[in-house]
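Undergrad: Sharing a model prediction with you, sequence too.
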Amino acid sequence: MLCQQQINDSISKKFLANDRILEFLDAQLEELNFVIKNQLSFNKVVETQIAQLASSCLNHNTRSLPGQPEVNPKESVNVVTTRARQFAPKPPLP
């Protein structure tokens, strides 16, 4: 009879320990759920901002993003200098 009581007590302690673990996991999952909901809200805000930016870029009828420097296609290299400070002749004009 005493042996059966010890077995019952041991099982009860294990169930109690398992209950504590499950409660801890539940709390962790609730926190994770909260973080995921916040991330989803942030993602929606970012998507809206990107859509607004894309819309404003399309309204400007330009092929480049705002803030990109314009490259002058007529700009070219006129002189090539070696390390010994010798100049190469200019290339002939086309």
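TA: Ah, there it is.

Undergrad: any low-confidence regions in this protein?
TA: Along the chain, the parts satisfying pLDDT under 70 run over 1, 58-83, 85-89, 91, 94.

Undergrad: go with 80
TA: The model of the chain has pLDDT under 80 over residues 1-2, 56-94.

Undergrad: What segments of the protein are helices?
TA: Counting by DSSP state H, residue ranges of the helices within the chain are 2-59.

Undergrad: who touches Leu22 in this structure?
TA: Under the criterion of CB atoms under 8 Å, 6 or more residues apart in numbering, Leu22 has no contact partners. Using the backbone N, CA and C atoms, a C-beta is placed for each residue, glycine as well.

Undergrad: now it: how far from Gln4?
TA: Remark: distance between Leu22 and Gln4 (CB to CB, to the nearest Å) = 27 Å.

Undergrad: Next: Ala84.
TA: Between Ala84 and Gln4 the computed distance is 100 Å (CB to CB).
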